[in-house]
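>>> sequence and computational prediction follow.
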Amino acid sequence: MNALAYEFSAMQRRVLDRYARFLGTLPTTFNAIPLVFERRRKAGHQLAVLAKDSRLENARFNQRYLQDFWARTEASRRLGAGYLGDLQVFTREALDITGNTSRHEPVSQVDFRLFSLSRSTSWQLFPAEDVPDLIHELALRFYALQAEIRQLKYTVVEVYDESFGLKSVFLSAMDHRSCLCHATPTVAEGLFGDSLTTPVWDLAYASTDPAIRAAEYQADIAALFNGVVSVNTQMGLFIEALYQRLDNVCNQLLQAKSAVKLSELNFKLAAMTESANECMALLDHLEAWLRP
């Protein structure tokens, strides 16, 4: 596994954090726009109106998705660590049984109760009755982990898809006229024209001029959207790679059920354990990067 191909940086994490904060500021910013229109009307200008856009409705949900993403990833990591431990113990016990019998020992002749997994207090479907059943249980546990990773993948895809529509809504609103009789000031300039409506944002502005601040704010948010697309793309590829590796582990486990001799089973278990370790290395990296 080429770990470098999957590494995330502190800069990418900052992009994700800033985007989550931005999503949280959107309701307040957009609620202030009618105040800008009303100020212009009171100053003798024709009242402007900004049509509501349903794409804003999901901003809060996407913010919550991003804020909860670490907790969900950490839960998946703990689940995976437990299942990897089950596989590692099973692999070690298979080697011990081989040492006490023979590498040519038929798997069908091995007492499944020699494996500690046989004494599990919980089962994905039903308690095992032989060694193949134990291997099937291991496969089901990794399938359960894969299902958790699938949910992480869906979250990344949803945030990615909705960022495009949200960018359009935001930039269009900021460039909207603040009155019907003049092209300027724009809504963004109007927002920065009063401290009560100035958007809350972590940007060191070069000037107190509302027009300059508005331009810097819009440029920074536009760049942020581009950064989010880049980070989300890498996250999507990362999680897809993890998902496919887990799928390989699950398939290998199901194929291992047909092992005839202990030597064959040991060989397959060694390969599966290596693959599962690679999966956990990826999941560990993602969780560490997301950790608050």
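Nice, thanks for sending it over. Numbers count the residues shown, from 1 in each chain.

>>> burial check on residue 210, number of neighbours?
Residue 210 sits with 18 neighbouring residues when counted by other C-beta atoms under 10 Å. Quick note: C-beta positions are derived from backbone N, CA and C, even for glycine.

>>> I should have written residue 57 there, sorry.
Neighbours of residue 57 under the rule other C-beta under 10 Å: 10.

>>> and it, backbone torsions?
Here is the backbone geometry of residue 57 (degrees, to the nearest 10): phi -60, psi -30.

>>> try residue 106
Dihedral angles (degrees, to the nearest 10) for residue 106: phi -60, psi 140.

>>> tell me the contacts of it?
260, 261, 262 (C-beta atoms under 8 Å, 6 or more residues apart in numbering).

>>> show the contacting residues for the last one.
To tie it back to what came earlier, the one meant is residue 262. 94, 97, 98, 101, 102, 103, 104, 105, 106, 107, 110.

>>> distance of it from residue 88?
Separation of residue 262 from residue 88 (C-beta to C-beta, to the nearest Å) stands at 17 Å.

>>> now swap in residue 29 and tell me
Using C-beta to C-beta, residue 29 is found at 51 Å from residue 88.

>>> could you do residue 292 as well?
Separation of residue 292 from residue 88 (C-beta to C-beta) stands at 29 Å.

>>> residue 8 contacts residue 282, doesn't it?
No: Residue 8 is beyond contact range of residue 282, at 11.0 Å (criterion: C-beta atoms under 8 Å).

>>> these two: who's more crowded?
Comparing residue 8 with residue 282 by other C-beta under 10 Å, the one with more neighbours is residue 282, at 21 against 17.

>>> which helix or strand contains the nearest residue to the more buried one once chain neighbours are set aside?
Spatial nearest neighbour of residue 282, excluding adjacent residues (C-beta to C-beta, 6 or more residues apart in numbering): residue 242 at 4.7 Å. Element membership of residue 242, judged by DSSP states H and E, is helix 210-256.

>>> likewise residue 15?
Going by DSSP H and E, residue 15 is part of helix 10-42.

>>> what is the mean pLDDT for that helix?
Helix 10-42 carries an average pLDDT of 96.

>>> same deal with stretch 88-98?
98.

>>> neighbour count: residue 292 and residue 88, which is higher?
Between residue 292 and residue 88, counted using other C-beta under 10 Å, the more crowded position is residue 88 (14 against 7).

>>> what distance do you get for that one to residue 243?
Noted for residue 88: a distance of 21 Å to residue 243, by C-beta to C-beta.

>>> do the same with residue 167
27 Å.

>>> again, but for residue 148
In terms of C-beta to C-beta, residue 148 sits 10 Å off from residue 243.

>>> now list whatever residues contact both of the two.
Counting by C-beta under 8 Å, 6+ apart, nothing touches both residue 148 and residue 243.

>>> flag every buried residue along stretch 218-227.
Within stretch 218-227, the residues scored as buried using 16 or more other C-beta atoms under 10 Å are 218, 221, 224, 225, 227.

>>> sorry, back to before: who touches both of residue 8 and residue 282?
residue 238.

>>> measure residue 182 to residue 189 for me?
11 Å.

>>> for residue 220, same thing?
15 Å.

>>> quick one on the thing from earlier: more neighbours, residue 182 and residue 189?
residue 189 (22 against 13).

>>> now do the same contact list for that one.
If a contact means C-beta under 8 Å, 6+ apart, then residue 189 has 178, 210, 211, 214 as its contacts.

>>> which ones are touching the third one?
In this case it means residue 211. 185, 189, 192.

>>> ok, those residues vs residue 266, which is closest?
residue 192 (68.8 Å; C-beta to C-beta).

>>> tally of neighbours for that closest one?
Count around residue 192 with other C-beta under 10 Å applied: 25.

>>> check it and give its pLDDT.
Per-residue pLDDT puts residue 192 at 97.
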